[in-house]
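> What would the 3D arrangement of this be:
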Amino acid sequence: MIQLPPQHAKSLIASRLFPPIVFAQDPSAKLMLLSYGAELASGHGSIARDYVNEFREHLDPSGRLQVRRDSNAKNNWRTTSDGHMYSASIQGTVTGRAATGIIIDDAFKGSEDSGSIRIRDKVWDTYSAAAETRLTPDGFVILIGTPWHPDDLFGRLLANEADQWVRLRFPAIAEADDALGRAEGEGLFLSKYSQEWYEAKKRAFELRGQSHIWDALYNCSPTGDGSLRAFPDEYFGPWMWVEELPFNSRNREEFRVLSLDPSKSKTGKAGDYGAFCDLSLFSDRHIYATMHLAREPLPALYARAVAIVGAAKNEGRPYRRFIIESNQFQEAVGLAIQERLNAVGLDVPIDLHLTPSDQSKHARIQVDLGPLLAQKRLHFVGQTVSNKLTLQQMKEIPNGAHDDGPDAVSMATQALNLLLTGTKRPSDNKVLRT
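Numbers count the residues shown, from 1 in each chain. Purely as a prediction, here's the structure:
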């Protein structure tokens, strides 16, 4: 996974120069090159083919590496050793071809594509269901490009399987501990762009109020429009992380609740996350969250709910309340979970939470969580993938593609308010906030 700013030789490196090196080592290799546009991918593929023809004697002195004259189309050419290179759009359909290696070069054309959940889902589906399934068991994937959106292909893979990737991120201006050994603040491609150019480019985005564009395209770390974020950066820090719950003689657990934002469509497509929040309130008025976020079909969601509630009961720390978002069809989800819990003898009060249609979800999250974050009283138990993902979603509100984790935390705080006061919306508005 290689992340670079625009016009920094990404395609030259990955799509044009790298394939001939692969074929030099193995003329029977089967490569698939995907980009946001079929014509763009074909153009890269044809240049890679021309490099093989021009430099094959240097690449493979044995003479095994040759492009077949009868099969040398720019989008689908073959070697005489039964290797091939197929180029296509990742936003189209990729079927019927095996691959020992897949190169994905710029999966999105720009902010308009990456800003569309429909196109992001299309790219994700093509990668997961079509491209990746074509790999041989020892195959490889190279994903190179400029990250445009927190939920683009880079973002989804890092959120779901970061441990399976080697990530090489090269920001335009070096940060501390730079991967290339650059001094902090040094530009990336000084043989093409001057140091002054980088600094002026960054400053221009700042003056336009578009630092979020610099963050995405040049810093390779998309976060959304910072000027609109619900929570300032100072709300987040190392104090948010704890390794375990703080059980001791002076601090006791008063309430433990569970919340669920099902985040599923009527069709059952798992585009968003199903988010569980296990939230404990201690006597010092600090709260501790353990999250579980996953894209999974409804049967798996039901089974997970039963498993989580059962595990809490077996620990001797059962939930005092289970709150489930039940807007529109989600009411059926809550009822189905309730039936399954009853069927196995798990008795927990369930509140089917209906958010008024005229209420902004992001405003509610900001009201519920803002004071807790400002007072450093919200903590996550363990730096798990789901906990980190929830924290990242908090930072990106309202710009991020997902808010399922923060929404679940918000609902869980409302369940605590209900236990503490007997009403969902205390009149003094100070429960958990002072």
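> What number of neighbouring residues does the nearest residue to Arg156 once chain neighbours are set aside come out with?
Take Arg156 and drop its neighbours on the chain: the residue closest to it by Cβ to Cβ, 6 or more residues apart in numbering is Trp124, 5.8 Å away. Yep, even glycine has a C-beta here, placed from its N, CA and C like the rest. Close neighbours of Trp124, defined as other Cβ atoms under 10 Å, add up to 20.
> go on, the one 5 residues further on?
Number of residues near Ala129 (other Cβ under 10 Å) recorded here: 11.
> Can you tell me how far the residue nearest to Arg156 is from Ser62?
Counting by Cβ to Cβ, to the nearest Å, the gap from Trp124 to Ser62 is 41 Å.
> what do you get for Ile117?
Using Cβ to Cβ, Ile117 is found at 50 Å from Ser62.
> can you list the weak-confidence ranges in the protein?
Low-confidence segments of the chain (pLDDT under 70): 92-96, 130-131, 206-209, 224-228, 264-272, 327-330, 355-360, 400-401, 423-434.
> about what we covered before: the residue nearest to Arg156 and Leu157 touch, don't they?
No. Using Cβ atoms under 8 Å, Trp124 is not in contact with Leu157, being 9.1 Å away.
> ok, which stretches of the stretch 201-350 of the chain are helices?
Using DSSP state H, counting those that start in this stretch, the helices of the stretch 201-350 of the chain run over residues 211-213, 298-314, 330-343.
> how far away is Leu372 from Thr413?
Taking Cβ to Cβ, one finds Leu372 at 7 Å from Thr413.
> Which of those two has more residues huddled nearby?
Taking other Cβ under 10 Å, Leu372 and Thr413 do not tie; Thr413 has more neighbours (27 against 19).
> Quick check: the more buried one touching Gly370?
No. Look at Thr413 against Gly370 with Cβ under 8 Å: they stay out of range, at 11.0 Å.
> coming back round to it: can I get the helices of the stretch 201-350 of the chain in CSV with mean neighbour count and distance to Ser15?
Below are the helices of the stretch 201-350 of the chain laid out as CSV (neighbours: other Cβ atoms under 10 Å; distance: least, Cβ to Cβ, whole Å):
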stretch, mean neighbour count, distance to Ser15
helix 211-213, 18, 25
helix 298-314, 16, 38
helix 330-343, 16, 44
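> among the ones you listed, which is nearest Trp241?
helix 298-314 (21.5 Å; Cβ to Cβ).
> Show me which of Ile117 and Ser62 is the more surrounded one.
Ile117 (14 against 8).
> Sort out which residues of stretch 232-252 are buried, please.
Buried residues in stretch 232-252, defined by neighbour count with 16 or more other Cβ atoms under 10 Å: 235-236, 240, 245-246.
> now stretch 165-177
Residues of stretch 165-177 classed as buried by neighbour count (16+ other Cβ under 10 Å): 169-174.
> Could you single out the nearest of the residues you listed to Leu418?
Distances from Leu418 to the buried residues of stretch 165-177, taken by Cβ to Cβ, are shortest for Arg169, at 43.7 Å.
> who touches the closest one in this structure?
Arg169 is in contact with 3, 179, 220-221, counting by Cβ atoms under 8 Å, 6 or more residues apart in numbering.
> and it, bridged to which residues?
Beta-bridge partners recorded for Arg169 (DSSP bridges): Gln3.
> Out of the helices of the stretch 201-350 of the chain, the one nearest Asn387 is which?
helix 298-314 (14.9 Å).
> Who are the packing partners of the closest one?
Applying 3 or more Cβ pairs under 8 Å, 6 or more residues apart in numbering; DSSP states H and E, we find helix 298-314 packed against strand 253-261, strand 274-282, strand 287-294, helix 330-343.
> and if we set it to 7 Å?
Under the contact definition 3 or more Cβ pairs under 7 Å, 6 or more residues apart in numbering; DSSP states H and E, helix 298-314 sits against strand 253-261, helix 330-343.
> can I get these in JSON lines with distance to Ile365?
Listed next are these as JSON lines, based on distance: least, Cβ to Cβ, whole Å:
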{"stretch": "strand 253-261", "distance to Ile365": "11"}
{"stretch": "helix 330-343", "distance to Ile365": "17"}
